[in-house]
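Novice: coordinates only, sequence not included:
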């Protein structure tokens, strides 16, 4: 995701220029980088995207004070043997810029949202709906199952790589840092969430607030392990603890209300 | 959540609304307005390792009624599988029959599931559900509300579980995803349930599964109904129900004849009658404006209540169509619901309790509802004779007296005191409301004379004339139409199609008076010029200029109101009659194009897509269609008999 969006903190005195080049291969990038360095261009962001038939798209953003020379620079670059196509433009007063729209993440349309925005939605749900924790748990459950399904398509996802996969996923998504202690034989364990984006942003609460994340763990583990797994948050940062912690284990059998509730507590 | 129906079925106690693909969106029992027991109720197929919901985008669907009945057939097709659903409610018991016929052009192995998320008693929580294996029934209940599901053949597997809970693995919806159900026996809370049947069909094979959904305020009755019903074949139930509705349509013995070129209107005319039957509460006599589809008042104030404005028009249409019993019962209900000051409230629950309202004050009441009720009562009286007329006059007299005195109090200046308009949006003094008061007082005066009360009769008649005179003086514009009204002490020049009320039904303007005939023509011309929108190839009529309610679409109500006015005018302006009739027919055709696929009249037609939107079916639109048909038929009969036109 990081490669697909870059934030530029607006400086009204400089111009933000972007170049989008189609080059013959990744090696050709070196020549272009040299050219940009020779012209003392302040490169802020660049990335390579592989295209069909070994072609590569190279996108570069740089800041300059004077824009009058840009067309000349672009014309020079387009004469390179390795450059198949070139587009360029100036992002006036842009504070952030995505070179591609729409954003994608895990193979699907993605958006970027601040934790506050997400947590505001949770707060509204808690304030105006009954069974808000169940609703958020089920939403997380679906999200966790779908994420595991996505990774399973890309690679064999099993007990060998479940923990690093979900740990990295949380880190990349900015949701929190995970420390897992899980026994695959007994299907029981604990997940510590350090700096959970929900607990950090929500503020102080009397009861644990990360039911969405509990649901997400339940969905992810259930999908990978092929049995119904249940996670519940036993300790939450929002209630004054240094971190959040979720217990996770196989969902109990049986359906007698007090029995199930008893096993969950 | 807003779910607009495409079809409805029901009987005297149960009203069911459903979407285009046979998914249930409303299950109202014991009244049409309360309680609504269903969140979701529909089938899905599990095959090729996946669950496919029959209301999914991948299923192509058609939906229509069996002619002249309240029986709906929905057909669905996808990947060589064809499913038809025949839906109806039995005439004499509150049980819905859902007959699924599956035909496959490919080998089909998997499961057929019937899934329901009931909020029994309109309660999302605190429900209980269970599977009674002895009787092979699924039951859900809250307090004295009970719903039961039985099937033929009996289901092979089931799940009753929690629809919304962290104990997600009991959730029947999620449980179906692996193609097998857990067979829990009972649960409590916010619940759902599913029943499953194994299917193993060869190419070109067919299978039939019939679901019976019963509802009652008594658990034993559910058992009795469902047991008795499952003893009889679905075919027999179908025939019995079909016969019931056909006989109901034949009962008046005065179906319009419809000349050859109007024969196409017979089926929609019957559909309209059958629809109104299902909007009526036979016990109370009241009507819902439309089955509720926005219970959370997310985009409007809701429609599942009784307005005197709408219901008065509905009972007059039904009376004209040969069903006077509805009017009799409705006016009895009016007598019961009249306020102490003689007026009627904005809207009511069907049992007569006042409904949620934004018109609780004198300045926000809707005086036209009182005017309309008195007007309609007199129209009904005019259809009576002999002893039944005398009885009804005696029965309704005090109600009329109180209503007329209320109108007198609110019209000391001739035009009425500020109140809310018929669109429930503006405060002020309105042309439409004045016309309804004029008609209400005139009607009350006629009733007073009939009751040998000439003093009151004269007084009310004089006031009605004063209302007319002041309306003409204050609201008629030299541009050739009535202003919408006076809002914030200023004349509001907006063209509002409700000024048609001065012509039809309230007859403030008299077409036999040449001057007023010209005013009528000018009003019609102005409305056509200012409020027409071309949708589906011809023009429909909007409510008023710059209307922003639900995108400012053209309304079936206003379009059929205008066509009715044109037909009415055809009787007075004989030279222009053929042209008026042609124009009316264009509007009628437009309205028919805007119905749902099974033929239900909505309130509006989407100006971008041409599809029916909002309040489906709307009683007011439906009754206007009936009145148009009766007028058309009357004109045609006169033509044949060389009378008049």
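Specialist: On my side now, so go ahead. For clarity, every value in this text was computed on a predicted model and none was experimentally measured. Residues are numbered from 1 along each chain as shown, chains lettered A, B, ... in the order given.
Novice: how is chain A partitioned into domains?
Specialist: In the domain annotation for chain A, the residue ranges read A:2-105, A:115-264 (automatic domain parsing).
Novice: from these, which stretch is densest packed?
Specialist: Most buried of the domains of chain A by mean neighbour count (mean count of other C-beta atoms under 10 Å in any protein chain shown) is domain A:115-264; its value is a mean of 18. From N, CA and C alone the C-beta is placed, and that goes for glycine too.
Novice: follow-up on the earlier one: quick one, which of the domains of chain A is nearest to residue B:35?
Specialist: Smallest distance to residue B:35 across the domains of chain A (C-beta to C-beta): 17.9 Å, for domain A:115-264.
Novice: name the residues that touch stretch B:41-58?
Specialist: B:19, B:21-24, B:27, B:59, B:76, B:78-79, B:81, B:83, B:85, B:100, B:108-118, B:176-177, B:179, B:199, B:211, B:213 (C-beta atoms under 8 Å, 6 or more residues apart in numbering or on different chains).
Novice: if we go to 7 Å?
Specialist: B:19, B:21-24, B:76, B:78, B:83, B:100, B:108-116, B:176-177, B:179 (C-beta atoms under 7 Å, 6 or more residues apart in numbering or on different chains).
Novice: out of those residues, which sit inside strands?
Specialist: Within those, residues falling in strands by DSSP state E are B:24, B:76, B:78, B:83, B:100, B:108-116.
Novice: and these, which is closest to chain A?
Specialist: residue B:115 (16.0 Å; C-beta to the nearest C-beta).
Novice: give me the neighbour count for the closest residue to that closest one other than its chain neighbours.
Specialist: With C-beta to C-beta, 6 or more residues apart in numbering or on different chains as the criterion, residue B:115 has its nearest non-adjacent residue at 4.6 Å, and that residue is residue B:194. By other C-beta atoms under 10 Å in any protein chain shown, the residues close to residue B:194 number 27.
Novice: I'd like to know which of the contacts of stretch B:41-58 are buried.
Specialist: Buried members of these, counted by 16 or more other C-beta atoms under 10 Å in any protein chain shown: B:19, B:21-24, B:76, B:78, B:83, B:100, B:108, B:110-116, B:176, B:179.
Novice: what's near enough to touch residue 39?
Specialist: I went with chain A, as the question did not name one. residue A:73.
Novice: ah, no, chain B please
Specialist: Counted by C-beta under 7 Å, 6+ apart, residue B:39 has contacts B:117, B:118, B:119.
Novice: 10 Å instead?
Specialist: By C-beta atoms under 10 Å, 6 or more residues apart in numbering or on different chains, residue B:39 lies in contact with B:1, B:3, B:24-25, B:27, B:116-119, B:124, B:163, B:190, B:192.
Novice: same check, this time on residue B:421
Specialist: Listed by C-beta under 10 Å, 6+ apart, the contact set of residue B:421 reads B:366-368, B:427-433, B:484-485, B:487, B:492, B:496, B:498, B:544.
Novice: how about the residue lying closest to residue A:42 once chain neighbours are set aside, secondary structure?
Specialist: Excluding its sequence neighbours, the residue lying closest to residue A:42 (C-beta to C-beta, 6+ apart) is residue A:63, at 4.6 Å. Counting by DSSP: H, G, I helix; E, B strand; the rest coil, the backbone at residue A:63 sits in strand.
Novice: and residue A:63, what are its bridge partners?
Specialist: Residue A:63 forms beta bridges with residue A:16, residue A:42, as assigned by DSSP bridges.
Novice: my guess is it meets residue A:44, correct?
Specialist: Yes. Using C-beta atoms under 10 Å, residue A:63 is in contact with residue A:44, at 5.9 Å.
Novice: and residue B:141, how far is that from residue A:213?
Specialist: Residue B:141 sits at a distance of 36 Å from residue A:213 (criterion: C-beta to C-beta, to the nearest Å).
Novice: repeat for residue A:120
Specialist: 17 Å.
Novice: what helices or strands is whichever strand or helix holds residue A:58 leaning on?
Specialist: According to DSSP states H and E, residue A:58 maps onto strand A:56-64. On a contact count with 3 or more C-beta pairs under 10 Å, 6 or more residues apart in numbering or on different chains; DSSP states H and E, strand A:56-64 meets strand A:15-23, helix A:29-38, strand A:42-50, helix A:70-78, strand A:83-91.
Novice: same list (the ones you listed) but as JSON lines, adding mean pLDDT and distance to residue B:294.
Specialist: Listed next are the helices and strands packed on strand A:56-64 as JSON lines, based on pLDDT from 0 to 100; distance: least, C-beta to C-beta, whole Å:
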{"stretch": "strand A:15-23", "mean pLDDT": "87", "distance to residue B:294": "47"}
{"stretch": "helix A:29-38", "mean pLDDT": "90", "distance to residue B:294": "57"}
{"stretch": "strand A:42-50", "mean pLDDT": "81", "distance to residue B:294": "47"}
{"stretch": "helix A:70-78", "mean pLDDT": "89", "distance to residue B:294": "56"}
{"stretch": "strand A:83-91", "mean pLDDT": "88", "distance to residue B:294": "44"}
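Novice: which one of those lies closest to residue B:623?
Specialist: strand A:83-91 (60.7 Å).
Novice: contacts for that closest one next, please.
Specialist: Identification of contacts with strand A:83-91 by C-beta under 10 Å, 6+ apart yields A:8, A:10, A:15-24, A:28, A:31-32, A:51, A:55-61, A:64, A:67, A:70-71, A:73-75, A:77-80, A:97, A:99.
Novice: where does the chain dip in pLDDT?
Specialist: I went with chain A, as the question did not name one. Applying pLDDT under 70 to chain A picks out residues A:1-12, A:92-100, A:254-265.
Novice: sorry, I should have been clearer: chain B.
Specialist: B:640-645.
Novice: try it again at 90.
Specialist: B:1, B:230, B:252-261, B:551, B:571-575, B:636-645 (pLDDT under 90).
Novice: which residue is most remote from the mean position of it?
Specialist: residue B:202 (43.6 Å; C-alpha atoms, centre = their mean).
Novice: can I assume that one is in contact with residue B:103?
Specialist: No. Counting by C-beta under 10 Å, residue B:202 does not reach residue B:103; the two are 11.5 Å apart.
Novice: how close does the most centrally placed residue in chain A sit to residue B:375?
Specialist: By C-alpha atoms, centre = their mean, chain A has its centre lying nearest to residue A:173, at 2.9 Å. Noted for residue A:173: a distance of 66 Å to residue B:375, by C-beta to C-beta.
Novice: and residue B:387, backbone torsions?
Specialist: With angles defined as degrees, to the nearest 10, residue B:387 sits at phi -70, psi -40.
Novice: can you pull out the strands in chain A?
Specialist: A:6-7, A:15-23, A:42-50, A:56-64, A:83-91, A:96-97, A:104-105, A:108-109, A:177-183, A:188-194, A:229-235, A:244-250.
Novice: nearest to residue B:532, out of the ones you listed?
Specialist: Among the strands of chain A, if distance is taken as C-beta to C-beta, the winner is strand A:108-109, at 41.1 Å.
Novice: pairing partners for the closest one, with directions?
Specialist: In the sheet, strand A:108-109 lines up against strand A:104-105 (antiparallel) (DSSP bridges).
Novice: what's near enough to touch the residue in the stretch 101-250 of chain A that chain B sits nearest to?
Specialist: Distances between the stretch 101-250 of chain A and chain B by C-beta to the nearest C-beta are smallest at residue A:228, namely 4.2 Å. Residues in contact with residue A:228, defined by C-beta under 10 Å, 6+ apart, are A:218, A:221-222, A:250-253, B:167-170, B:174-175.
Novice: possible to save those as CSV with distance to residue B:43?
Specialist: Output for these, formatted as CSV (distance: C-beta to C-beta, whole Å):
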residue, distance to residue B:43
A:218, 28
A:221, 31
A:222, 26
A:250, 31
A:251, 27
A:252, 31
A:253, 29
B:167, 25
B:168, 22
B:169, 22
B:170, 21
B:174, 17
B:175, 15
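Novice: which one of those is nearest residue A:158?
Specialist: residue A:221 (11.7 Å).
Novice: next, the distance between the ends of stretch B:179-188.
Specialist: Start to finish, the residues bounding stretch B:179-188 are 24 Å apart (C-alpha to C-alpha, to the nearest Å).
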